[in-house]
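1. Have a look at this fold, sequence not included:
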């Protein structure tokens, strides 16, 4: 029936490809994109703030700080995916002018978690979190 409707309406008689159907099914309207951006950015800010508060918890505070601060930065970066779309976001992140900042940011995300979980070096955790902040701002 759908094929008959397409032919009668003058649209192409060929079946759309599977990729075209996926793109159409996953497209978001502008209002939904803005809501997703706001929600994801708010979650990112909340995680970063919670991580800063958990820094003062005895014994496990530094590990919790590293985890929540890193999750907050990932959520904040992910929030822009709603506005731009994933492919455009990745293309812009890996442009030559942003490549160094992207590499430093991703490297610091990993090194923050490594220094918290495996190396247990408090100074390195704080250093990599500060570098995360500067790379994200860059």
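-> Yep, that arrived. This one's a predicted model, so the numbers in the text were calculated from it and none came from an experiment.
2. Give me the residues contacting the helix or strand encompassing residue 88.
-> Residue 88 is part of helix 86-93 when elements are defined by DSSP states H and E. Residues from elsewhere that reach helix 86-93 (Cβ atoms under 8 Å, 6 or more residues apart in numbering): 80, 81, 84, 98, 102. From N, CA and C alone the C-beta is placed, and that goes for glycine too.
3. Skipping adjacent residues, who's closest to the second one in space?
-> Taking Cβ to Cβ, 6 or more residues apart in numbering, and ignoring the residues beside it in sequence, residue 81 has residue 89 as its nearest neighbour in space, at 5.2 Å.
4. Same check on the last one?
-> Counting by Cβ to Cβ, 6+ apart, the nearest residue to residue 102 once its immediate chain neighbours are dropped is residue 93, at 4.7 Å.
5. Show the pLDDT at the one you found.
-> Looking at residue 93, its pLDDT reads 91.
6. Count the neighbours of it for me.
-> 17 (other Cβ atoms under 10 Å).
7. what residues are up against the nearest residue to residue 66 once chain neighbours are set aside?
-> Spatially, and ignoring its direct neighbours in sequence, residue 66 is nearest to residue 116 (3.6 Å; Cβ to Cβ, 6+ apart). With contact taken as Cβ under 8 Å, 6+ apart, residue 116 is in contact with 62, 63, 65, 66, 67, 125.
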